[in-house]
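*Asks:* with the input below, show me the fold.
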Amino acid sequence: MMPQSNEIFTLSIESSCDDTSAAVLCNDTVLSNIVATQKIHELYGGVVPELASRAHQQNIVVVVDTALREANISKSQLSAIAFTNGPGLMGSLLVGTSFAKTMSMGLAIPLIEVNHMQAHVAAHYIDNKPNFPFLCLTVSGGHSQIVLVKDYLSMEVLGRTLDDAVGEAFDKAAKIMKLPYPGGPLIDYHARLGDATKFSFPMPAMNGFNYSFSGVKTSFLNFISKNTIANPNFVEEEMPHICASYQAHLVNYLCKVFLLASQHYDIKELAIAGGVSANSSLRSALMEFGKQGFNTYIPKMEYCTDNAAMIGIVGYYKYLSKDFTNLRITPYSRSEQ
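*Replies:* The predicted structure follows:
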C-alpha cells in the first residue's frame, strides 16, 4: 500500500496488563488490531506481574509483525509509534515502552505516549463518535471512573473508585464461589439464567460521584459464608440466582452514580468503556437510559477489553496536535499520574 500525502499511519502498542496488543491505523481507521492473551494466569486465579512481563517479551515481536502484515504496510510507511505509558503493571509497561522507544528511534519517527484510561474512552472515536461533551463510565478490573469528555483529548475525571474497582468486585466474588479466573464473564454467563431479585446486598454510601467497592466485596463474602454454613451446597444450588442478584446490585450502583453525574452536568450523551463494559447487564442498563431521552454509546466488544486500536486512536489525535514525547519518558503504574 502506497501512502498518500494525507495518510497518517500509526503503529500502536498496548502492554499495560496481561494482553499484548499491536494495531495499525490509517488516520482514524483501524487496519489491524492483534491481541495475544496470556492464559498462564488462569492457573493462579489472577494476573502474576512477573509472568505477565515475561509473556509480553515473548509475544511483542510476533504481535507487532502480525499487525503490520495484516495491515499490508511496511515499517517504512509508519508516521508514528503510540504506546501505553500507564497506568498498569510496571514490568508489563516497560516491555511496551522499551519496544516503542527502540522502534521510534530506529525509524526516526515521532513517539506518542498514551494514558490507558484515556484510551478506553477514546475507543468511542473509532466508530460511532458521541457528540461533545459526553460522560463516559469507564470500568475495568483496575479502574472505575466517570469522565467528562469535552473534546478528543480534553477529559476531566469527575469521580473514581475510592478503593477497589468494579472489575475486581466481580472477580473476587467469582473466586469466593470457586469459579475460574477471569470470573467476571462467568458471573455474567450464570446471571442470565437467574433471578436478579432473589438476593439483596447493601448499597454503599454515596460520596459525590465516587465509588467504593471494598464493602461490597466484604458483604458478598459474609453472605456466602453465612449461607454455606446453613447449607454446604448453597453456592452450587443457587449459582444463577447469586450471580444475577450480585451483578444487578453492582450495575445498579454504577448506574445510580452515573445518572446523578449526568443530571448534575445536564448531559444527555452517555457512554461506557473498559473491560466491564462488555458485561451484558451493564450494556442493557445503558440501553434503558436510551429509552429515557439519553443518547447512549457502547463500544464494539473488541474495543472493550485492552487492545492497541484504542491506543492508536489517541495517538492519531495527538499526532494531529503534534503532541509528541521523547526517549526520556518513563512509565507510571498509578492512575493519579
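*Asks:* surely residue 313 and residue 26 touch.
*Replies:* No: at 11.6 Å, residue 313 does not count as touching residue 26 under the criterion of CB atoms under 8 Å. To be clear about C-beta, it is placed using only N, CA and C from the backbone, and glycine gets the same treatment.
*Asks:* more neighbours, the two?
*Replies:* More crowded of residue 313 and residue 26, by other CB atoms under 10 Å: residue 313, with 28 against 20.
*Asks:* got a pLDDT number for residue 55?
*Replies:* pLDDT for residue 55: 87.
*Asks:* count of residues packed around it?
*Replies:* Residue 55 has 23 neighbours, counted by other CB under 10 Å.
*Asks:* you'd agree it is up against residue 20?
*Replies:* Yes: between residue 55 and residue 20 there is a contact under CB under 8 Å: 7.0 Å.
*Asks:* which neighbours do those two have in common?
*Replies:* Counting by CB atoms under 8 Å, 6 or more residues apart in numbering, the shared contacts of residue 55 and residue 20 are 36, 38.
*Asks:* give me the buried positions along stretch 171-186.
*Replies:* Neighbour-count burial for stretch 171-186, counted by 16 or more other CB atoms under 10 Å, picks out 171-174, 176-177, 179, 181-186.
*Asks:* quick one: which of those residues is nearest residue 35?
*Replies:* Using CB to CB, residue 182 comes nearest to residue 35 of the buried residues of stretch 171-186, at 14.5 Å.
*Asks:* name the element the closest residue to that closest one other than its chain neighbours belongs to?
*Replies:* Of all residues not flanking residue 182 in the chain, residue 171 sits nearest, at 6.0 Å (CB to CB, 6 or more residues apart in numbering). In this structure, residue 171 sits in helix 166-176 according to DSSP states H and E.
*Asks:* same question, residue 319
*Replies:* Counting by DSSP H and E, residue 319 is part of helix 308-320.
*Asks:* packing partners for that helix?
*Replies:* If you count contacts as 3 or more CB pairs under 8 Å, 6 or more residues apart in numbering; DSSP states H and E, helix 308-320 packs onto strand 9-14, strand 19-26, strand 29-37, strand 80-86, strand 111-115, helix 116-122.
*Asks:* report the buried residues of the longest one.
*Replies:* Meaning strand 29-37. 30, 31, 32, 33, 34, 35, 36.
*Asks:* per-residue pLDDT of the residue nearest to residue 7 when sequence neighbours are not counted, please?
*Replies:* The spatial neighbour of residue 7 that comes closest, neighbours along the chain excluded (CB to CB, 6+ apart), is residue 26 at 5.5 Å. In this model, residue 26 is scored at 98, pLDDT.
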